[in-house]
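A.B. asks: test case, fold it:
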Amino acid sequence: MNTEAKYPSERILFIINPVSGTGHQEKRQEKIEEVIEKYLDKSRFSHQVVNTEEKGQASRLARHAVLEGVSIVVAVGGDGTVNEVGQSLVNTTTALAIIPTGSGNGLARHLGLPMQFRRAIEVINHGNRKKIDTATLNGSLFVNVAGVGFDAHVARKFDQTSKRGFFSYFHIATSSYKLYKPKKYTITIDGQTIQRRALLISFANSSQFGNQATIAPHASVDDGFIDVCIMRKIPFWKLTLLAPLVFLKKTDRIPDLEIFRAKEVIVNRKKGRYIHLDGDPGKERRTISVVVHPLSLQIIVP
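C.D. replies: Numbering: from 1, shown residues only. This is a model prediction of the structure:
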């Protein structure tokens with residue numbers, strides 16, 4: 001008779017951002033922890049749950065987990081939390097997993113990850129790993145979408161409001177659109193230089209911003225390229241007519257949107273302005289350099 005005790009073979013860390021997304025945060029946090037405790041495969045994993053209290057903490061926790069030999073770090077939050085955790089897992093054997101609780105969940109939706117907590121845990125239990133590309137903007141990592149121009153302007157305003165969710169983001173975007181003036185950019189895409197006056201320039205590793213709002217319908221996270229999306233400003237009335245194409249994954253049919261595939265992009269603008277990395281706003285100097293890092297991050301997928 002075999003009396004040898006069976007112990008979990010893998011360590012897993014759940015990093016919960018308690019302020020991501022919408023809804024009653026305390027109840028939702030309790031629900032996540034209940035689901036983890038109930039449905040995580042304890043025969044495979046020994047687990048720890050940590051709640052973040054400040055910006056940047058998720059990255060520090062993930063970095064420590066790598067040093068400790070943790071097999072999987074789970075980002076429980078939105079694209080910003082995924083970004084923080086992913087920063088510390090690039091080019092390591094520790095995999096990123098996602099339980100989406102953010103306002104948009106762009107990368108999770110692109111990858112076909114379930115939005116329901118229990119089903120997200122089931123994906124983690126199966127442990128199917130995939131290598132995906134990441135990219136950097138002036139050395140700062142992004143995994144989903146980064147950008148300059150109008151989307152960065154909206155990201156900054158959204159970050160400053162206490163109201164979260166799609167409708168808050170939509171209100172900010174629509175109320176800001178008419179007053180926002182397009183900027184002049186000199187853009188070098190894999191050595192070829194063009195000039196554009198653009199509403200926005202998005203650097204898309206995945207296909208969407210979040211909430212199924214697509215910017216680059218043919219983008220792939222494992223092809224070694226980003227999709228450079230350059231949008232001209234169009235009249236607001238025309239924008240409302242074209243909006244359905246964004247949610248039907250047909251933005252490549254919008255005549256005012258150009259999409260280029262690239263491994264490296266350099267953008268020059270008149271002065272330093274705001275940017276966003278996976279929805280989180282920041283400010284950068286006049287010249288922006290975007291570089292793809294192929295298959296640099298392991299991630300758990302369905």
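A.B. asks: domains in this structure, by residue range?
C.D. replies: Domain assignment for the chain, taken from automatic domain parsing, gives 10-127, 140-293.
A.B. asks: state the mean pLDDT of the shortest one.
C.D. replies: Per-residue pLDDT values over domain 10-127 give a mean of 91.
A.B. asks: also stretch 284-294?
C.D. replies: pLDDT averaged over stretch 284-294 gives 95.
A.B. asks: pull out the buried positions in that stretch.
C.D. replies: 284, 288, 290-293 (16 or more other Cβ atoms under 10 Å). Where C-beta positions appear, they are placed from N, C-alpha and C, glycine not excepted.
A.B. asks: out of these, which comes closest to residue 85?
C.D. replies: Using Cβ to Cβ, residue 293 is the member of the buried residues of stretch 284-294 that lies nearest residue 85, at 16.2 Å.
A.B. asks: check whether the residue lying closest to that closest one once chain neighbours are set aside sits in a helix, strand or coil.
C.D. replies: Nearest residue to residue 293, sequence neighbours excluded (Cβ to Cβ, 6 or more residues apart in numbering): residue 134, at 4.9 Å. At residue 134 the chain is in strand, as set by DSSP: H, G, I helix; E, B strand; the rest coil.
A.B. asks: for residue 302, find the nearest of the domains of the chain.
C.D. replies: The nearest among these, by Cβ to Cβ, is domain 10-127 at 5.3 Å.
A.B. asks: now do the end-to-end distance for the closest one.
C.D. replies: End-to-end distance of domain 10-127 (Cα to Cα, to the nearest Å): 11 Å.
A.B. asks: tally of neighbours for residue 260?
C.D. replies: 16 (other Cβ atoms under 10 Å).
A.B. asks: what sits against it?
C.D. replies: 189, 227-228, 230 (Cβ atoms under 8 Å, 6 or more residues apart in numbering).
A.B. asks: which residues in the stretch 151-300 of the chain form helices?
C.D. replies: 166-177, 236-247 (DSSP state H, counting those that start in this stretch).
A.B. asks: ranking those helices by mean pLDDT, which is last?
C.D. replies: Mean pLDDT values for the helices of the stretch 151-300 of the chain show the minimum at helix 166-177, a mean of 78.
A.B. asks: contact partners of it?
C.D. replies: Residues external to helix 166-177 that are found in contact with it (Cβ under 8 Å, 6+ apart): 103-104, 150, 153-154, 157-158, 161, 211, 236, 239.
A.B. asks: in those residues, find the pair that's most separated.
C.D. replies: Pairwise over the contacts of helix 166-177, using Cβ to Cβ, the maximum falls at 103 and 236, 23.4 Å.
A.B. asks: who has more neighbours out of the two?
C.D. replies: Neighbours per residue (other Cβ under 10 Å) separate residue 103 from residue 236, with residue 103 holding more: 21 against 10.
A.B. asks: I'd like the distance between that one and residue 115.
C.D. replies: Look at residue 103 and residue 115: by Cβ to Cβ, to the nearest Å, they are 12 Å apart.
A.B. asks: if we can go back for a sec, can I get the buried residues of stretch 284-294 in CSV including distance to residue 99?
C.D. replies: Below are the buried residues of stretch 284-294 laid out as CSV (distance: Cβ to Cβ, whole Å):
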residue, distance to residue 99
284, 30
288, 32
290, 28
291, 29
292, 27
293, 25
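A.B. asks: and stretch 67-86, which residues are buried?
C.D. replies: Buried residues in stretch 67-86 (16+ other Cβ under 10 Å): 70-86.
A.B. asks: among the residues you listed, which ones are in helices?
C.D. replies: Using DSSP state H, the members of the buried residues of stretch 67-86 that fall within helices are 79-86.
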